[in-house]
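Participant: Make a model of this:
(chains A and B)
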There are 2 protein chains.
Amino acid sequence: MSENAAVDHEAAAGGRRGRGDRGGAAARRAARTGGGPGQQLTYIRRQIKVYEVLDEEGLALIEKNADTVLEETGIEFRDDAEALQLWKQAGADVKGERVRFPRGLCRSLLKTAPKQYTQHARNSERSVQIGGNATVFAPVYGPPFVRDLDGNRRYATIEDFRNFVKLAYMAPSIHHSGGTVCEPVDVPVNKRHLDMIYSHIKYSDKPFMGSVTAPERAEDTVAMAKLVFGDDFVENNTVLTSLINANSPMVFDETMLGALKVYARHNQACIVTPFILAGAMSPVTVAGTLTQVLAEVLAGASFTQLIRPGAPVLFGTFASSISMQSGAPTFGTPEPSLVSYGAAQLARRLGLPFRTGGSLCASKIPDAQAAYESANTLNSTILAGTNFVLHSAGWLEGGLASCYEKFMMDIDQLGMQQKFAEGVDLSENGQAMDAIRQVGPGSHYLGCDHTQANFQTAFYRSAIADNNSYEQWLAEGEKTAPQRANELARRWLESYEAPDLDQGIDEALQAFITKKKESMPDAFT
Amino acid sequence: MSENAAVDHEAAAGGRRGRGDRGGAAARRAARTGGGPGQQLTYIRRQIKVYEVLDEEGLALIEKNADTVLEETGIEFRDDAEALQLWKQAGADVKGERVRFPRGLCRSLLKTAPKQYTQHARNSERSVQIGGNATVFAPVYGPPFVRDLDGNRRYATIEDFRNFVKLAYMAPSIHHSGGTVCEPVDVPVNKRHLDMIYSHIKYSDKPFMGSVTAPERAEDTVAMAKLVFGDDFVENNTVLTSLINANSPMVFDETMLGALKVYARHNQACIVTPFILAGAMSPVTVAGTLTQVLAEVLAGASFTQLIRPGAPVLFGTFASSISMQSGAPTFGTPEPSLVSYGAAQLARRLGLPFRTGGSLCASKIPDAQAAYESANTLNSTILAGTNFVLHSAGWLEGGLASCYEKFMMDIDQLGMQQKFAEGVDLSENGQAMDAIRQVGPGSHYLGCDHTQANFQTAFYRSAIADNNSYEQWLAEGEKTAPQRANELARRWLESYEAPDLDQGIDEALQAFITKKKESMPDAFT
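Facilitator: Residues are numbered from 1 along each chain as shown, chains lettered A, B, ... in the order given. Predicted coordinates:
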């Protein structure tokens, strides 16, 4: 077989068909329809190198510029007198809500932040390392809408929320239950965090994120975590990793600061993330965006150390560009990839775990646009050496919708990345010299001893891709990838079984929620 | 705006819509429907690093193993007495058709092969560098079928062939016209190479590939090139880069050797490429596959130097895995990416230009599967530092079909990669410190001086992606990416204008073709 079709494309097609029939259809059907999602994977420990886009000179330049921004322009800490007071005590120049930082202050404060930490799960086998050579995949975060399994785009409900938690629990390549997998808008806004946190605990045993939409909701999250893990354990370990967005450019607001303070005080981790649509919230250039991102992270992350030295904090960035024609956010384009790679380098130099990327796209449907954009984002996310990957599955429509079908397609891609991150096996078995000697010129490897011994695990096996012949694909109904994903999601949800949860803990959680809900009227804004 | 939707997702949605209306719809429509494909880009000169998956120890191990394969197992050169004679003279151990190579022989022969060369186009502005920091994109090669603009999957014709040449000519991010962009099965098999070569010359002015399906067809290609470039120019320069597949494992056959000898003798470039579906044609492991690939390339590439020292030759690899359940080829999976990265490293150590990858996929339609797989392949192709990228646009269905819609989507991705390869601009304008100072905390960058000065070129602008609001996308007919690609392909083909071709040359080519066609009866097998 070759690429030179005129030589032998008929032979090639025949060969493919021939192999397709070997053992084939039945085994394939069993593999596809049979059972569940397969064995859970632990978080990724990368055996591969990181990819870098900046050299020492470029990195030093951006660091110097970020220090200049912090010193000359400063960052605003809004509506938070305590924060301003703490910065004044730490030696910053505070005028009104504007905080200007002497060169080196933020870096110096960050010396107490851990390079990596363990986020504990209620099932200790699902605990994850965040930082170092670890990469942890968590689902999409934040969408108010879902694209459901009947093809409707509608507001998300608590049932959708539970469904995404269940799917993430079942997905072998999802290591973390995430946070706002979708926004359950059928539950009052001031009470929904209780149902969300309960869902993560009840329907999954993977680690999860806390509420950040108000300081008291963060406190509720910590209280519920204590019912699961115990008071002392929570205060001395980390069981929550939560998302604190900067209000770029160069502002932290009351809501985010409030949540940050709660979590840091209880030794829980914050992902300090400038949410950047470059061209609107940062300069239109990669280097300018990186400068602003670094300045904002330095200010926000070091603030956690003013609250509690040693509290885990991540260097986060959410990088997108905008269409300069329409102002709409764009994803999967070159510039955000460059920002992600560069930011990862800056984070490593700072000694902080890093968060960026995911499977981001602007498309309204799980079509080729969605996939190109997601794959571009995910490939750079992995090669950058990202430690915590939010939005790694299910993201659609610029983050406005959580999509079931895309979730299933994305987790397949995550599985591929996890395999890729193992790198090249150079063991004697990996070298396969015996196989080459045994087979020799002009034969094939399909039945040789080495192939027999390795074929089950040799290649990543997709649950979504159709690799069959055109004729077989026709005979099976000309299905698209999203259609296959749809069937898979339905099968998983039908076969879902909840992990065990201690009955006493469950009752305590429910009692806490009932009491909280009864203590205040419903609010919907 | 932030990812924490409950805080401000309504504001976010409003903000997006607001920006969407600014200047917006008319400009967008003009950009989309207006005119042609935009300015041609010269080939890529990568400003970014390559990504590597093997360290020195791993590379040395694979090189040692490949030398062992060459020495102990050897390579078969089939049905070519001249080749066997040349190898005997060069000091190889020849028994029957099996050639075994003393350690170092092939490497020693390859010292005369150029590290990089210029492939001249008839329009000198379209000439390309192959090797070094250059990356050149060429279209899909080889499919006997097309998926056409009416949604039919059918055998390809010479009209399809011309259409793909025209689209590749117009596409700014395609630097090379390629070769068998599809197989025109409506033309007799022994004559179609004449129409194919003529189409590349007539309908494009980009460099192209020669016929390899028989030695006399390679000779015809060289003869036609001489009508365009002149005899002396062709003998002393390189105007053709052609694809020579090894018949893996460890065989070169008469057809490929015949074409190789013609091209090398005339100083034209050969891409010596083991066409590998790992698990069938090579071991099921990455390291084993790399070992065999290196052995095959060493033998085939060094053979060109026996024919004519100094003739350009590329280290090629086509890497795919097979489904161990069905035997079908798979694409976009982790193992071929690792093979591509590793092979690129081996090629650089050997001092040869490198070819791999493209936009490969197994999907039968241009859906999400096709896009995930293509993007995974293309990302690794670029980061590996690949010099010549065959199959960079239009590949579908494991290479059995050339797809118009996928071609248009892929060239958009190529444009993104070309922008990415420019790396990070660290100039004063790139640093954007004035912008950060001017805007300050809590404002936005949309109207600032720096944005005004840079917005036209700041971000890659996709001709395929829909980044508009959900509501606008609904109003515009809920189009998928392939639907937009379809419209674009039709517009381009309607507005196509052929580049100038000297009338004397055109007539000479047509006379040559007529004479050749009349000299033999039609053959269809």
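Participant: How about the helix or strand that contains A:A225 and chain B, touching?
Facilitator: Here A:A225 is covered by helix A:215-229, with elements defined by DSSP states H and E. No. Judged by C-beta under 8 Å from any C-beta of the partner chain, helix A:215-229 stays clear of chain B, getting no closer than 9.2 Å. Every C-beta, even on glycine, is put in place using the N, C-alpha and C of the backbone.
Participant: just stretch A:374-390 next, same as before
Facilitator: Yes. Part of stretch A:374-390 sits near chain B under the criterion C-beta under 8 Å from any C-beta, namely A:S374, A:A375, A:N376, A:N379, A:S380, A:L383, A:L390.
Participant: what's the strand ranked longest in chain A packed up against?
Facilitator: Taking residue count as the measure and DSSP state E as the definition, the longest strand of chain A comes out as strand A:269-278. If contacts are counted by 3 or more C-beta pairs under 8 Å, 6 or more residues apart in numbering or on different chains; DSSP states H and E, strand A:269-278 sits against strand A:241-246, helix A:254-265, helix A:286-307, strand A:313-316, strand A:318-322, helix A:334-350.
Participant: Need phi/psi at A:V128.
Facilitator: Summarising the backbone geometry of A:V128 under the convention degrees, to the nearest 10, its torsions are phi -130, psi 150.
Participant: you'd agree it is up against A:T135?
Facilitator: No. Checked against C-beta atoms under 8 Å, the pair A:V128 and A:T135 is beyond contact range at 9.6 Å.
Participant: Neighbour count for these two, which is higher?
Facilitator: Under the criterion of other C-beta atoms under 10 Å in any protein chain shown, the comparison of A:V128 against A:T135 puts A:T135 first, with 27 against 24.
Participant: Model confidence score at that one, please.
Facilitator: Model confidence at A:T135, given as pLDDT, is 98.
Participant: Please apply the same query to A:T255.
Facilitator: A:T255 carries a pLDDT value of 95.
Participant: Also A:M324?
Facilitator: According to the predicted model, the pLDDT of A:M324 comes to 80.
Participant: That one - nearest residue in space that isn't next to it in sequence?
Facilitator: Sequence neighbours aside, B:F455 is the residue nearest to A:M324 in space, at 4.1 Å (criterion: C-beta to C-beta, 6 or more residues apart in numbering or on different chains).
Participant: pretty sure the one you found is touching A:G279, no?
Facilitator: Yes. Using C-beta under 8 Å as the test, B:F455 is close enough to A:G279 to be in contact (6.9 Å).
Participant: could you pull out the strands for the stretch 401-525 of chain A?
Facilitator: Taking DSSP state E, counting those that start in this stretch as the test, the strands found in the stretch 401-525 of chain A are A:401-403.
Participant: which sections of it are below the confidence cut-off?
Facilitator: Applying pLDDT under 70 to the stretch 401-525 of chain A flags no residue at all.
Participant: Most proximal residue of it with respect to chain B?
Facilitator: Of all residues in the stretch 401-525 of chain A, A:A432 sits closest to chain B, at 2.8 Å by C-beta to the nearest C-beta.
Participant: Quick one: residues contacting the spatially closest residue to that residue that is not a sequence neighbour.
Facilitator: Excluding its sequence neighbours, the residue lying closest to A:A432 (C-beta to C-beta, 6+ apart) is B:G288, at 2.8 Å. Neighbour list for B:G288: A:G430, A:Q431, A:A432, A:M433, A:A435, A:I436, A:H450, B:S282 [criterion: C-beta atoms under 8 Å, 6 or more residues apart in numbering or on different chains].
Participant: Looking at those, which is nearest A:G332?
Facilitator: Nearest to A:G332 among the contacts of B:G288 is B:S282, at 32.2 Å by C-beta to C-beta.
Participant: That closest one contacts B:I276, correct?
Facilitator: Yes. B:S282 lies in contact with B:I276 (C-beta under 8 Å); the separation is 4.8 Å.
Participant: tell me, what's touching these two both at once?
Facilitator: Common neighbours of B:S282 and B:I276, counting by C-beta under 8 Å, 6+ apart, are B:S248, B:T289, B:Q292, B:V293.
Participant: From the contact counts, what lies against the helix or strand harbouring A:M196?
Facilitator: Using DSSP H and E, A:M196 sits within helix A:192-203. Packed against helix A:192-203 by the contact rule (3+ C-beta pairs under 8 Å, 6+ apart) you find helix A:158-170, helix A:215-229, helix A:503-518.
Participant: Swap in 10 Å and give it another go.
Facilitator: Secondary structure elements in contact with helix A:192-203, counted by 3 or more C-beta pairs under 10 Å, 6 or more residues apart in numbering or on different chains; DSSP states H and E, are helix A:158-170, helix A:215-229, helix A:503-518, helix B:5-21.
Participant: Would you reformat those helices as a markdown table and include distance to A:G96 and mean neighbour count?
Facilitator: Rendered in a markdown table, the data for the helices and strands packed on helix A:192-203 read as follows (distance: least, C-beta to C-beta, whole Å; neighbours: other C-beta atoms under 10 Å in any protein chain shown):
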| stretch | distance to A:G96 | mean neighbour count |
| --- | --- | --- |
| helix A:158-170 | 40 | 22 |
| helix A:215-229 | 22 | 21 |
| helix A:503-518 | 36 | 14 |
| helix B:5-21 | 23 | 18 |
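Participant: Identify whichever of the ones you listed lies nearest to B:V212.
Facilitator: Put simply, out of those the one that sits nearest B:V212 is helix A:158-170, at 48.9 Å, with distance taken as C-beta to C-beta.
Participant: Which strands or helices does the closest one pack on?
Facilitator: If contacts are counted by 3+ C-beta pairs under 10 Å, 6+ apart, helix A:158-170 sits against strand A:145-147, helix A:192-203, strand A:401-403, helix A:404-420, helix A:481-495.
Participant: Among these, pick out the one with the most neighbours on average.
Facilitator: Each of the helices and strands packed on helix A:158-170 was scored by mean neighbour count; the highest is strand A:401-403, a mean of 30, by mean count of other C-beta atoms under 10 Å in any protein chain shown.
Participant: Run me through the strand neighbours of it, direction for each.
Facilitator: Listed by DSSP bridges, the sheet partners of strand A:401-403 and their directions read strand A:145-147 (parallel), strand A:395-396 (antiparallel).
Participant: ok now that strand, how far from the chain's centre?
Facilitator: 15 Å (C-alpha atoms, centre = their mean, to the nearest Å).
Participant: before we move on, what about stretch A:179-196?
Facilitator: Its chain's average C-alpha position is 20 Å from that of stretch A:179-196, according to C-alpha atoms, centre = their mean.
Participant: Please apply the same query to stretch A:499-514.
Facilitator: Using C-alpha atoms, centre = their mean, the mean C-alpha position of stretch A:499-514 is found 28 Å from that of the whole chain.
Participant: Can it be said to contact chain B?
Facilitator: No. Using C-beta under 10 Å from any C-beta of the partner chain, stretch A:499-514 never reaches chain B; the gap is at least 17.6 Å.
Participant: which other residues reach that stretch?
Facilitator: When contacts are defined by C-beta atoms under 10 Å, 6 or more residues apart in numbering or on different chains, stretch A:499-514 is touched by residues A:122-123, A:126, A:169, A:191, A:194-195, A:197-198, A:201-206, A:220, A:223-224, A:226-229.
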